[in-house]
Each structure stands twice: as structure tokens, then as C-alpha cells.
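Student: requesting a structural model of the entry that follows:
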Amino acid sequence: MRVVASITTLTILLTGCVASTQSREPHYFVQRSMGVKVELRIDEPDEAVARTAAMQAFARIDALDELWSDWRTDSELTRFNATQRAESIAVSPETGAAVALALEVAFATDGVFDPTMAPLVALWRASRASLALPSDEALRAARARVNFKHIESNGIGSVTKIVAETALDLGGIGKGLAAAELVVVLANHGCPRALVSVAGDIAAGEAPIGSTAWTVDIQWKNGTREAIELLRQSASTSGDSEQFVEINGTRYAHIIDPKTGLGAINAEQVTVIGPQTSSEELLAATITDPHSFISNGGRVDAFATALSTWRSEQLPREIPHSFRVIKARSPI
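Tutor: Residues are numbered from 1 along each chain as shown. Sure thing, here's the model as predicted:
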């Protein structure tokens, strides 16, 4: 089965689905969560079963949004960031797992991916809204608060602020974790043949009936397409093809360049594809297992975010060998 999709910087547009051996199309469900469109394709003959599983998946991503959203005043992340004390802070297992993975990728990329960029993210949001660059003073103040070494993961249920003013942003890893988690939720509710998209992050479960994998087209900035096949895998694309802003004649991405603290200029479109897992491992996957299908969904998201502003042709030495990186039609 081939799903025609556009994997762009932030949005995957599932525009159609054609089965190679059957006329029946997967059931399609969509709602907004985490500030973006969440799309489910479920290849299940019984629509009632598919609908029940979809409702469980949507409930799960809403629960994750309540933990990780920096727009919600009552989210766990907001409360964590508001704690202005250098101490260990109890967090949910989901948040603890997300922070641990984020720090893993931060060390692997020497801070190009950094979960403590919340001050810069807030500053850049204001710039995008006002179409004016932040002042040098405001930029210096925000950059002084960003350093992934100012935070430590203490296992699943606790995170330590080494510097009291440190604030987290999980936007570069949370959607990848969520997409993979929803595939697991669907599989455990009787719908293992599913494809999930959460903006630029997708996760695939078992192949549709009559097919060996889900086939998805990457839509590159130059208008060309590249097909990839996904079977019990995650994929994420990052770049500036969808979300960008022009200020004083310069095009800036929504992604922060850690070297400048501003939106990246000439951000590269990068797709990262995670390793294939087994059917048994997918069903048993949990967000707190660092070796699970779900955790690899987060890694894929975080590495794609980092590599879109990566300045070297050589990949980070710590990127897993089982991950595949595609840059503008040039697989690495």
C-alpha cells in the first residue's frame, strides 16, 4: 500500500491512499493536539474497532500534551520551568523519560540539540510575531540561560536543576515520542496496521493487508519526491520549507540555530529514519524503556532537529548506526 504524503518541516499531509491488492482504504481519523494536526491511518476491516482504537490514541496524545505543552499554564513542563530553585524535582515517568532521551541527544550532538532552549524559543516566537529581531541585550540574557549541562536526569521520576533558572522545551523530541506511542496504543487496542503522523513526525506499525510496508513520499523543497518504506519504524523531517519568517529581507526558520540564538538561516531539510523493530517488541514498547520503539521515535525527532542546523558534513559520532539520514536526496 502506498500512502502519498508530504513530509515537510512541520506537517505531513496524507493526501491519499491506494491499495495495491485491495480496493478498501484504511480508516482515517484526525484531530488537533500538541498544537498541530494529528492523523491516523488504520488498516482494519471493522470500522468500530478502528474508531475505538483511534479515540484511545487521541486521548493518549492529549494526556502527553497536558504534560509537555509550554503553552498551557497548568502543564507539568510549565510548573517545572516556574520552579526557580536548584534542586531535584519530581516529574511524571513520561517527562522523566523525555528529558533523559533529550539529554542523550544533546551530548551526542555537542548541544546542537538542546532541551534547555526554552528562553530562546520564547524570544524567537515574539520575533516571529512582531517581525522584528530581538535586541542584543535580550538575546544575550536568553542565551545565558541555555545549557543542557545545567540539568540532570535522575532516572524516570526526577530531574535536577543545577542552575535554578533553567527551563525546558521538549518541542524537538515530544512529537516523535508521541507519534511512536500512538502506534503502540493502536496496536494494543487491536489495530497494529497503522500509520501515525504528528506534524513532521511519523510512525508506522505493521504493514497494511496485502503490502510489505507503508510507502511514504518525502516532498523536498525543490518539488521532487522521494519514496521511503516504513515497517514498525519512525521517521522525522526537519527544515525550513514550511515554517519560516522573513525579517529585514532574511529568511529565518522556526528552528533555533544554537550558534546565533535566532531562527536558523538556510536550514537544511533532513529526514531521519529509525531502525525497524519486531512485532513483539512493538507491542511491548513503553516510553520509559530507553531501547524501545517509542524511545527511537523521540531520537529520530531530536536528531532531525539537530541535523537541520548541523554545520559539518560528518554526522555526530554518537548517532546510532541503525539510523538512516537523508539530506536533499543524498542518503547517508
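Student: what packs against whatever helix or strand residue 79 lives in?
Tutor: According to DSSP states H and E, residue 79 maps onto helix 76-82. In terms of contacts (3 or more Cβ pairs under 8 Å, 6 or more residues apart in numbering; DSSP states H and E), helix 76-82 is packed against helix 47-68, helix 93-108. No exception for glycine: its C-beta is placed from N, CA and C like everyone else's.
Student: for these, give me JSON lines that also has mean pLDDT and mean neighbour count.
Tutor: Formatted as JSON lines, those follow (pLDDT from 0 to 100; neighbours: other Cβ atoms under 10 Å):
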{"stretch": "helix 47-68", "mean pLDDT": "98", "mean neighbour count": "18"}
{"stretch": "helix 93-108", "mean pLDDT": "96", "mean neighbour count": "22"}
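Student: of these, which is nearest residue 205?
Tutor: helix 47-68 (10.9 Å; Cβ to Cβ).
Student: would you map the helices across this structure?
Tutor: 47-68, 76-82, 93-108, 118-130, 136-144, 174-188, 279-284, 293-307 (DSSP state H).
Student: so which of those helices gets nearest residue 232?
Tutor: helix 279-284 (5.2 Å).
Student: contacting residues around that closest one?
Tutor: Outside of helix 279-284, the residues within contact range by Cβ atoms under 8 Å, 6 or more residues apart in numbering are 183-184, 187-188, 192, 205-206, 232, 292-293.
Student: and with 10 Å instead?
Tutor: For helix 279-284, the external contacting residues (Cβ atoms under 10 Å, 6 or more residues apart in numbering) are 180, 183-184, 187-188, 192, 203-206, 231-233, 276-278, 289, 291-294.
Student: mean confidence score for it?
Tutor: Taken as a whole, helix 279-284 has an average pLDDT of 98.
Student: could you dump the helices of the chain to TSV with distance to residue 154?
Tutor: Below are the helices of the chain laid out as TSV (distance: least, Cβ to Cβ, whole Å):
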stretch	distance to residue 154
helix 47-68	17
helix 76-82	13
helix 93-108	8
helix 118-130	20
helix 136-144	25
helix 174-188	19
helix 279-284	25
helix 293-307	18
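Student: who wins for proximity to residue 164 among those helices?
Tutor: That would be helix 76-82 among those, by Cβ to Cβ, at 11.0 Å.
Student: tell me which residues in the closest one are buried?
Tutor: Buried residues in helix 76-82, counted by 16 or more other Cβ atoms under 10 Å: 76-78, 80-81.
Student: could you do stretch 131-142 as well?
Tutor: Neighbour-count burial for stretch 131-142, counted by 16+ other Cβ under 10 Å, picks out 133-134, 139, 142.
Student: quick one: distance of that stretch to the chain centre.
Tutor: Distance of stretch 131-142 from the chain centroid (Cα atoms, centre = their mean, to the nearest Å) equals 27 Å.
Student: before we move on, what about stretch 301-309?
Tutor: 9 Å.
Student: mind listing what residue 38 touches?
Tutor: 29-32, 54, 57-58, 61-62, 65, 175, 178-179, 182, 196-199.
Student: try it again at 8 Å.
Tutor: 30-32, 58, 61, 182, 196-198.
Student: quick one: which of those has the most company?
Tutor: Counting neighbours by other Cβ atoms under 10 Å, residue 198 leads the contacts of residue 38 with 31 neighbours.
Student: hey, what's that residue bridged with?
Tutor: Beta-bridge pairing for residue 198 (DSSP bridges): residue 38, residue 201.
Student: that one is in contact with residue 36, isn't it?
Tutor: Yes: using Cβ atoms under 8 Å, residue 198 makes contact with residue 36 at a distance of 6.3 Å.
Student: which of the contacts of residue 38 sits closest to residue 149?
Tutor: The shortest gap between residue 149 and any of the contacts of residue 38 belongs to residue 198, at 29.0 Å (Cβ to Cβ).
Student: contact partners for the closest one?
Tutor: Shown in contact with residue 198 (Cβ under 8 Å, 6+ apart): 33-34, 36, 38, 61, 175-176, 178-179, 182.
Student: any idea how far residue 280 is from residue 192?
Tutor: For residue 280, the distance to residue 192 (Cβ to Cβ, to the nearest Å) stands at 11 Å.
Student: one step back: redo the helices and strands packed on helix 76-82 as CSV? Include distance to residue 225.
Tutor: Shown next, in CSV, are the helices and strands packed on helix 76-82 (distance: least, Cβ to Cβ, whole Å):
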stretch, distance to residue 225
helix 47-68, 28
helix 93-108, 28
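Student: for residue 114, find the nearest of those.
Tutor: Set against residue 114 and scored by Cβ to Cβ, these come closest in helix 93-108, at 5.4 Å.
Student: gap between the closest one and the chain center?
Tutor: With Cα atoms, centre = their mean, you get 13 Å for helix 93-108.
Student: show me what that helix is packed against.
Tutor: Checking 3+ Cβ pairs under 8 Å, 6+ apart, helix 93-108 ends up next to helix 47-68, helix 76-82, strand 151-153, strand 158-161, helix 174-188, helix 293-307.
Student: ok so, going back, of the helices of the chain, which approaches residue 161 most closely?
Tutor: Here helix 76-82 is closest among the helices of the chain (Cβ to Cβ), at 8.4 Å.
Student: gap between that closest one and the chain center?
Tutor: Worked out by Cα atoms, centre = their mean, helix 76-82 lies 20 Å from the chain centre.
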